[in-house]
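Undergrad: My questions are about this predicted structure, shown below with the sequence.
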Amino acid sequence: MMRFIIRRTLYALITLFILSLTIFTVVRLTGDPVSLMAEPGARAEDLDRVRAEWGLDHPYPVQFLSFLKNIATGELGKSFNYEMPVSTLYFQRLPNSLELAAAATLLSFLIGIPAGLISGVWVNTGWDNFGKVVALLGLSVPGFWLGLVLILVFSVWLEWLPTSGKGDWRHLIMPALALGWYFAASLLRLTRSSMLEVLRSEYIKLARLKGLPGYVVIAMHAFKNALIPVLTLAGLNLVVMINAAVIIEVIFAWPGIGRLLYEGIFQRDFPLVQGVVILAGCMIVLINLAIDILYAYIDPRIRLTR
Amino acid sequence: MVRGVLAKTLVISSAVLAGTAGMGIVGVLAQSAPGGAAKIEPKGSLTLAWHTNITARWLDPQHHDGTATPDNFLMALHDALIKNFRDKLFDQPALAERYEFAEDAKSATFWLRPDVKFHDGSPVTPADVKYSFEHYRGAWADVLHKNTESLAIVDDHTVRFQFKEPFLDFPALLGTGNVSGAGWVVPAKYYEAVGQSGFLQKPIGAGPYKLVSQEAGTRLEMEAFDGYYRPVHIKHLTMISVPEAATRVAMIERGEADIAYFIPGELIGRIKNNPKMMLAPVLSGNWWLEFPGFQDPKSPFHDQRVRQAISLAVDRKAINDAECDGLGKVDGNWINDDVQYAIDWPEWEHNIAKAKALMKEAGYPNGFKVDWVTPTPAYYSRGERIVSQLQAIGIQSKLQVMERGVYLKRLQGGLKEWPGVQIIFNATRIGGSWSNWYESMFKCGGFNSQDFFCVKELDAKFDRYLASSNPAERKTLAEAIQREILEKYYFVPVFRHTFTNAIGPRVQAAKWEDVFPTNRTAGYPYPWEDIALTEAAAVQK
C-alpha cells in the first residue's frame, strides 16, 4: 500500500510540474503583459520601466525557476494589478467561491439526483422523457444566457431578487441556479444511467425475488450503489465550480475565484493566472490522489494491479 | 528634447480663464472652486457600477499609468496642486490656492491652501508635495524629473520648482489628471511607512472621499471626508466592479446603482426608453481608418483616389446610429477637438457613385481584395460594418479579431506585423495636445505608428513645431500638418464615439451635464464632491 501511495504521489508531483510548465508557457504565448498596463499612446520608456519593475526583462528560464521556487516555498508571486500576494487574493476570494459552489452543488443535487432516480426507475415513461428534456436543456443552454434571463425575469421584471453582487441569501439564488443547472443535468444523466445499470444487476433481482418491497429495493440496495459514481462526479464538479465559474461570476459580479482568473487573463496578470491555475490544479490533483488511495484501500485489486 | 506636449498658448489661455495673467502666468481660485462655501452635511449613499475590474494601482497617483482610467479614482481619494475641474483644463487651483508660472517658464511657485489635510488628519505640507513629486515614478516621470533643477520648500505653504530650461509644458503635465500623477500629493510619512503595496491596500489622500474598505478588484467603500476644503454632498460613495453591461443596466433599472458606466449601443435603448433614467453620452475617443504601408507603390492604397473612395464609401451615420445610437459625432478631424491646436473639419461625404468612379480612375473598377480589416478590440462589430460597407465599391475583406494586448503589441511591432493589404480601424483618446496624437499615431517611429506611414515632409514640419517657441508658428504648423493628413486621406476619420453612461433617478440632475460636467476633459462624473442626491434619496437608508 505504501509503495502505491508513494507512486501515486510522484505521479501527482509530475502532473503539477507539467501543469506549471504549461501554464507558464501558455500565459507568455499571449504576449507582453506590459502592453496591457498602458493605453495606446503610452511611451516606450514607461513600458520599459514597468517591465523592469516586474522582472519581465529577465530570460524565460530565469522567470520559470523563480516561479518554481515561489511555488515550492508556498509563494505564488505578487499580482501585477493588485500588488498583493496571489495566495492572499486567492484565499480572500475562496470563501465566496466555496459559498457559491456549495449552493450550486446543493441545487444540482436537489434537481439532478431525484430526477435521475425517477428517470432510471420509470424508464421510457413520461417522467423519463421530461428528465431527458431537462438534461438536454441543462447541458445545452449556455450559462451566460441563463444568467441574463434570470436577471431579467427575477430582478428587473418581478423585482424579487437583487441583480448581482454578494450579500444575503437572496444574492446567492440566481448565480447558484445558473451555475448548478448544467451540473444538475450532468448528475441527472449519470444517476439515470447508473440506476439503469444497477437495476439490471443480479443482486437486485435476488432482492426482488426475496420479496422485498420495491421502494426498499430501490432506496436501500439500488440507489446506494448507483450513487458511488455520482458522488465521485459531484466531487470533481465541486472543484470545477470553485475554480472555474468564470462566466457566472462575471455576469453576477460575484467576487469569486473564477472572476479573479478572468481578471488575471483579461489584464494578462501572469502571476495571478499562474497562481489560480496552479492552486486549482493542486486541488484537483489532491482530490484525485485521495480518491485513488481510497479506492485502493477499499479494493485491494487496484493497488495490486497498478 | 521634451516631447511636444502642451505649449505656451494653452497655458496662457487656460490661466486667463482661471484668473489673471500678471507677472508670468498666475492661477488663482476659480469661481467654481470656492474654499469658503456654506457648510453642507453630506447625506445618503451613491453607488457607481464601474465597467471593468478595479485595479489597485489606480488608487495610487505615484504610479499613474498615463491613461484616463485612474482619474475616476484619483478625483475621489486624492487631490492635486492644480487639476482639471469641470470643463476647465489642467490649471485650476486645488490643493494650491494659487500658483505662478514664471514668464521665462523657468520656475513655478505654488501656495498651498491653509489647513488642508489628509484623511488621517495630518496637514498637507510642502514636504509632502516635494516627496510626491520627487518620488513620482509614473507616466512622464522622466520628462518631469529631467527638466526640473530643484524643488525648494520656500516656507510652510510654498514650494518652488526651478527648471533647467524653459519648461512650457510643465503646468499641463502636472495638472492633467489623465496624463500624469506628478502633481497629486500623497502623505510622505505614511507612504514611506507602509510602502507602495501597503499604500495600495489602504490609500490615504487629501481628496473629498476617504477609503473605508476595499475588496480587491471588486468593490470600494468610501466616506465623505469632513476635512475637505470644498463641500461634499453625499456621505457614502460605493464603487462596484460590474464587468457585464447587461448587469449594469439591470442594476440601474432596479435602483441598485445610481450611475452606470459604459452602456453599449445595443443597450442604450433600454435606458433611453425609461423615463426615470438619463443617458450621459460623453463624447470620447475618435475612430479612423488607416492603411499601413500605403507608401509602397505596390499597395492599392498608395493611390490617393483609392483612399478617398474608401472615405466616400463609409456610411458614418449608419455606424454612429448602430454603435452609439446616433449619439456620437460623425464629422470632424481624427483628433479630438478638446485638445490644443486640433482643427475643426467639415462633415465627410458619403457617395458610392463617386467612390466607384474614383476606384475606376485608379485602375480598380472591380475593387480589390484586402487581407484583413482589424478594429481596435473589443469593438469588433464596428469592423464588421466597415467590411460590409466597403463591399459596395468592390473591396472584399475579412474581419480580423484580436485580443487587445495582442493588437497593441502588433501595432508596436510595425509593418512586419501587418503583411499584405491591411486596413486598421484604429481609435484612441489622448489628452493635452494634438501633438500627442501625431507623435504616437502618425509620426515615423511613433509608438503606435512605427513604420506604417512615414510621410517625411510632415515629420519635418513636426520637428519644426517641436523646436519652435513661437505660439503662432506652432499653431500654423500644427494646423497645416493636420490639414494635409485629412486632405490627402492618409487617415480616413470615421466618427467620434460616445462613452455612454446612465444616471438613475436618485441623482440630482436636470440634465446629464450636471453629473458629467467634465465631459470636455474626461469621461467621468467628477468633481465627486459636487454630485448630490435628490432630497428623498438623500434620506433613504
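TA: In hand now; what should we look at?

Undergrad: Next one, pLDDT for A:F80 please.
TA: Confidence at A:F80, expressed as pLDDT, is 79.

Undergrad: Isn't it up against A:F270?
TA: Yes - with contact taken as Cβ atoms under 8 Å, A:F80 and A:F270 are classed as touching, separated by 7.0 Å. Backbone N, C-alpha and C define where each C-beta goes, glycine included.

Undergrad: Next, the buried residues of stretch A:80-95.
TA: Neighbour-count burial for stretch A:80-95, with 16 or more other Cβ atoms under 10 Å in any protein chain shown as criterion, is recorded at A:80-87, A:89-90, A:92-94.

Undergrad: The spatially most central residue of chain A: helix or strand, and which one exactly?
TA: For chain A, the residue whose C-alpha lies nearest the mean C-alpha position (Cα atoms, centre = their mean) is A:V240; its distance is 0.5 Å. Using DSSP states H and E, A:V240 sits within helix A:223-244.

Undergrad: Just name whatever secondary elements that helix is in contact with.
TA: Contact here means 3 or more Cβ pairs under 8 Å, 6 or more residues apart in numbering or on different chains; DSSP states H and E; on that basis helix A:223-244 packs against helix A:86-121, helix A:170-199, helix A:257-266, helix A:270-298.

Undergrad: Please compute how far the following helix or strand past that helix lies from its chain's middle.
TA: From helix A:223-244 onward toward the C-terminus, using DSSP H and E, the following helix or strand is helix A:246-251. Average the C-alpha atoms of helix A:246-251, do the same for its chain, and the two points are 13 Å apart (Cα atoms, centre = their mean, to the nearest Å).

Undergrad: For helix A:246-251, which outside residues touch it?
TA: Outside helix A:246-251, the residues within contact range by Cβ atoms under 8 Å, 6 or more residues apart in numbering or on different chains are A:97, A:100, A:142-144, A:147-148, A:151, A:164, A:175, A:178-179, A:254-259, A:261-262, B:243-244, B:246-247.

Undergrad: Show the buried residues in those residues.
TA: The neighbour count (16+ other Cβ under 10 Å) marks A:97, A:100, A:143-144, A:147-148, A:151, A:164, A:175, A:178-179, A:254-259, A:261-262, B:243-244, B:246-247 as buried among the contacts of helix A:246-251.

Undergrad: Flag every residue of the stretch 151-300 of chain A that's near chain B.
TA: By Cβ under 8 Å from any Cβ of the partner chain, the part of the stretch 151-300 of chain A that sits against chain B consists of A:151-152, A:155-156, A:159, A:162-165, A:250-253, A:255, A:259-260, A:262-263, A:266-268.

Undergrad: try it again with 6 Å
TA: For the stretch 151-300 of chain A, the residues in contact with chain B under the definition Cβ under 6 Å from any Cβ of the partner chain are A:151, A:155-156, A:163-164, A:250-251, A:253, A:255, A:263, A:268.

Undergrad: What backbone torsions are found at the residue in the stretch 101-250 of chain A that chain B sits nearest to?
TA: When Cβ to the nearest Cβ is the measure, the stretch 101-250 of chain A has its nearest residue to chain B at A:T163, with 4.4 Å between them. Taking degrees, to the nearest 10, you get phi -70, psi -40 for the backbone angles of A:T163.

Undergrad: quick one: it from A:L107, how far?
TA: Using Cβ to Cβ, to the nearest Å, we find A:T163 at a distance of 19 Å from A:L107.

Undergrad: When these two are compared, which one has more neighbours?
TA: With other Cβ atoms under 10 Å in any protein chain shown as the criterion, A:T163 and A:L107 differ in neighbour count, and A:T163 comes out ahead with 29 against 20.

Undergrad: how about the more buried one, what does it touch?
TA: Applying Cβ atoms under 6 Å, 6 or more residues apart in numbering or on different chains, we find A:T163 in contact with A:151, A:155, B:247, B:250-251, B:254, B:256.

Undergrad: Mind listing residues that contact stretch B:319-339?
TA: Defining contact as Cβ under 6 Å, 6+ apart, one finds that stretch B:319-339 is touched by B:265, B:268, B:281, B:283, B:286, B:288, B:316-317, B:342-343, B:345, B:347, B:382, B:385, B:432-434, B:437, B:491, B:493, B:495-498, B:520.

Undergrad: If any of those are buried, give me the PyMOL selection for them.
TA: Provided next is the PyMOL selection string for whichever of the contacts of stretch B:319-339 are buried by 16+ other Cβ under 10 Å:
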select buried, chain B and resi 265+268+281+283+286+288+316+317+342+343+345+382+385+432+433+434+437+491+493+495+496+497+498+520
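
Undergrad: Narrow the contacts of stretch B:319-339 to those in strands?
TA: Using DSSP state E to define strands, the subset of the contacts of stretch B:319-339 located there is B:281, B:283, B:286, B:288, B:491, B:493, B:495-498.

Undergrad: residue ranges with poor pLDDT in the chain?
TA: Looking at chain A here, since you left the chain open. A:30-33, A:35-44, A:46, A:50, A:53-54, A:299, A:302-306 (pLDDT under 70).

Undergrad: Chain B is the one I meant
TA: Answering for chain B: the residues below the bar, that is pLDDT under 70, span B:1-38, B:403-405, B:541.

Undergrad: Around chain A, pick out the residues from it.
TA: Taking Cβ under 6 Å from any Cβ, the part of chain B that reaches chain A is made up of B:53, B:55-56, B:65-67, B:139, B:142, B:197, B:200, B:215-218, B:242-244, B:246-247, B:250-251, B:253-254, B:256, B:405-406, B:408-409, B:428, B:430, B:440, B:448.

Undergrad: Of the residues you listed, keep whichever come out buried.
TA: B:53, B:55-56, B:65-67, B:139, B:200, B:215-218, B:242-244, B:246-247, B:250-251, B:253-254, B:256, B:405-406, B:408-409, B:428, B:430, B:440, B:448.

Undergrad: hmm, who's touching the strand or helix carrying B:L144?
TA: With elements delineated by DSSP H and E, B:L144 resides in helix B:141-147, which encompasses its position. With Cβ under 6 Å, 6+ apart as the contact definition, helix B:141-147 has outside contacts at A:45, B:2, B:163-164, B:167, B:182.

Undergrad: Which is the succeeding secondary structure element to that helix?
TA: Past helix B:141-147, further along toward the C-terminus, the next helix or strand under DSSP H and E is strand B:148-155.

Undergrad: Just the C-alpha atoms of that next one, please, in PDB.
TA: Extracted C-alpha coordinates of strand B:148-155, given in PDB (Å, rounded to 0.1, in the frame of the first residue of the first chain):
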ATOM      1  CA  THR B 148      13.500  70.000 -13.000                       C
ATOM      2  CA  GLU B 149      16.600  71.500 -11.500                       C
ATOM      3  CA  SER B 150      15.200  71.700  -7.900                       C
ATOM      4  CA  LEU B 151      12.100  71.700  -5.900                       C
ATOM      5  CA  ALA B 152      12.500  74.100  -2.900                       C
ATOM      6  CA  ILE B 153      10.400  74.500   0.100                       C
ATOM      7  CA  VAL B 154      10.100  78.200   0.500                       C
ATOM      8  CA  ASP B 155       8.100  78.300   3.600                       C
END
